[in-house]
Every structure is written in structure tokens, then in C-alpha cells.
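Asker: I would like the atomic coordinates for the input below:
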Amino acid sequence: MPTFTALTTLADAARAAALGDALERLEPEPVGIGVFEMEDGSGLWEVGGYFTEPPDDIALAILAQAFGAAEFQVSELPEIDWVAKVRRDLSPVEAGRFFVHGSHDADKLPEGRVGLLIEASMAFGTGHHGTTLGCLRALDRLDAAGLRCGNVVDIGCGTAVLAMAAARIWPGPVLASDIDAVAVEVAQANIDANGLEDRVRCLEASGFAHPELQARAPFDLIFANILMGPLIDLAPEMAQASAPGGHVILSGLLVEQAEQVLGAYRAAGFTLHHREDIGAWATLTLRH
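Answerer: Model (predicted):
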């Protein structure tokens, strides 16, 4: 099956993230989207989509003009085994005590580390991105400080790597939910591969709109590694779902968006416990 890429660059991080969101609504739909800060010191952001059929040139031109981006460059990629390539290129990630790896690197698990298996074919949420890495470090930091949470939920779980990390170090039940049915399937496959099917339960839900989520609240710890808009919208619900003294770990937001998100959560009754910026991305640990 051929693969086509459509790549552009622009200088504003917020507009780059918004352009990435807009790409999701194209027809034909992309099978993957990436938004990355370029590492050449230019200050530019690269936004790209991957397609299994040629993308609509006119739609791409309109998007580029609307967001002030350079003209999209469309290319057809050679037919290669992309999973095999990712396995070669995707090295394990260490985040505190956590060691996120593919099955091809299972023998590299250092002694005393907590292993989390995420296959290369399910690469979003492996820990390489600053948001996932920040959340794993935040969890490790809370645990190292003596926190023990008996009731945990991961909202917008993706691969469920955060839910699995909590289940590895604490004995209580963990819920993982995502609005996307495919993400729930991916999460369940990862949970099964890690032997955590009796510890982590996956649900398809938008925010906290699920009977099981509502029945299990209040939570001692809530992960939400999503985007700024949904994080702000969820602040009141997050306060209702969080136990007094409970913690939330938020990411998926750019450094320049962190204060706006923090303001919404302060208004909902949270205080800042810790903040970590990794590259262009911020992770907030808050206490209710």
C-alpha cells in the first residue's frame, strides 16, 4: 500500500498545533499526524500528515494559507516495512524508574526498573514525546515522595502507558478511557501484552461521561494528557471527580499554554504542586 506525506512548516507553536487538528478533518483522512518543533534552531514547527491515497492539493493549499504556513510538500514514500524501521529507530525511554520499550528491547530492561511494553506499531504514547515523558516523570516523582493512590484514572489514555505505569507501582484499580474507539482497542492490546488485564480496565468515554467513571469517583489521581482546550473544558468535572487532597497530572499543552490551563484549574480549586517543561511541552501536577 503506498504512503503519501504532506509536510509544511510555520513559526508559531499554537498555530502549528491548530493546523495539526485541522488536518484531521481532511478528506481523504490522514492515517497519522505529527506536529514537531524542528531541532535546527530555526524556531520553526513542522506539521505533517500521512495518507494511504493522494491528499487533496487544493484543501492543503487552503489550510496552509489559513494558518500562515508554507506550501505543503507532498511526496510518495517508498514501500518499506515501517514497523521494522520504527523498531530500529525507536530506542527505549527511561522516565524515572519507568523503562518503556518494544518487545525487541525486552532483554534490555535494567535491574530495578519498571518495564512497560509498547509495540512499535502502536508508537503514539511510547514516552518519546515530551508530554508522555513528563507524565511518567510526574508519577515517579509523586511515588518517590511517598504518595500511594488506590483509585486512579487515565482520561484520554491513548496507548494506556500512564494507566499501566500506575498499575505497576500501586495495588489499587486503574481505569483508562479514551473518546476514540480505536485508541481503546490499542490500549486494551497493550494492557493484555503487559499482563495487566486484571488491573486496568478500558472504557470508551468522552471526559467523565461514563457510568463506571462516575461510580468510581472520586479518584486519588487523574491523568489527562490531551490538549489545552479539552483540559480547560474539563476543569470543573475534574474537580468533581478528584478526591479532596487528590492529584491530577495534566499535559498535552505547550509551554505558553500552561498558565492559561493553570488558571482554569486554580479557579476550580486546584493548587500547583509541580511543573516540568520538556522542550516545548509542559506537564502540570496539581493538588485538589
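
Asker: and the pLDDT for residue 115?
Answerer: For residue 115, the pLDDT comes out at 79.

Asker: can you list the strands that the helix or strand where it lies pairs with?
Answerer: Using DSSP states H and E, residue 115 sits in strand 114-117. Note on strand 114-117: by DSSP bridges, its sheet partners are strand 98-101 (parallel).

Asker: alpha carbons of the partner strand, as CSV, please.
Answerer: The C-alpha trace of strand 98-101 is given here as CSV (Å, rounded to 0.1, in the frame of the first residue of the first chain):
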residue,chain,number,x,y,z
PHE,A,98,10.0,3.5,34.2
PHE,A,99,11.5,1.8,31.1
VAL,A,100,9.2,2.0,28.1
HIS,A,101,10.3,-0.4,25.3
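
Asker: next one: it to chain centre, how far?
Answerer: 15 Å (C-alpha atoms, centre = their mean, to the nearest Å).

Asker: now swap in stretch 261-275 and tell me
Answerer: 20 Å.

Asker: cool, stretch 186-199 as well?
Answerer: Using C-alpha atoms, centre = their mean, the offset of stretch 186-199 from its chain centre is 17 Å.

Asker: can you give me the buried ones in that stretch?
Answerer: For stretch 186-199, the neighbour count (16 or more other C-beta atoms under 10 Å) marks 186, 187, 188, 189, 190, 191, 193, 194, 196, 199 as buried. All C-beta spots, glycine's among them, are computed from the backbone N, C-alpha and C.

Asker: restricted to helices, list these.
Answerer: 186, 187, 188, 189, 190, 191, 193 (DSSP state H).

Asker: what's the closest of those to residue 33?
Answerer: Closest approach between those and residue 33, by C-beta to C-beta: residue 186, at 15.8 Å.

Asker: quick one: pLDDT of that closest one?
Answerer: pLDDT, read off for residue 186, is 85.

Asker: from residue 224, how far out is it?
Answerer: Computed as C-beta to C-beta, to the nearest Å, the residue 186 to residue 224 distance reads 18 Å.

Asker: same question, residue 17
Answerer: Taken as C-beta to C-beta, the span from residue 17 to residue 224 is 16 Å.

Asker: one more: residue 257?
Answerer: Taken as C-beta to C-beta, the span from residue 257 to residue 224 is 14 Å.

Asker: look at those two and report which has more neighbours.
Answerer: Legend: neighbour count by other C-beta atoms under 10 Å for residue 257 and residue 224, higher for residue 224 (23 against 20).

Asker: elements contacting the helix or strand where the more buried one lies?
Answerer: Under the criterion of DSSP H and E, residue 224 resides in strand 219-225. On a contact count with 3 or more C-beta pairs under 8 Å, 6 or more residues apart in numbering; DSSP states H and E, strand 219-225 meets helix 130-144, strand 152-155, helix 161-169, helix 228-241, strand 242-254.

Asker: tilt between the third one and helix 130-144?
Answerer: When you say that, I think you mean helix 161-169. If you take axes from the mean of the first three to the mean of the last three C-alpha atoms, to 10 degrees, helix 161-169 sits at 20 degrees to helix 130-144.

Asker: check which element follows helix 161-169 along the chain.
Answerer: strand 174-178.

Asker: next, the angle from that next one to helix 161-169.
Answerer: Going by the same axes, to 10 degrees, strand 174-178 makes 170 degrees with helix 161-169.

Asker: can you get me a residue count around residue 244?
Answerer: Residue 244: 8 neighbours (other C-beta under 10 Å).

Asker: do the same with residue 207
Answerer: Counted with other C-beta under 10 Å, residue 207 comes out at 18.

Asker: and the one 10 residues further on, by the same measure?
Answerer: The local packing of residue 217 (other C-beta under 10 Å) involves 18 other residues.

Asker: residue contacts, residue 147?
Answerer: 221, 247 (C-beta atoms under 8 Å, 6 or more residues apart in numbering).

Asker: which SSE is it in?
Answerer: Using DSSP H and E, no helix or strand contains residue 147.
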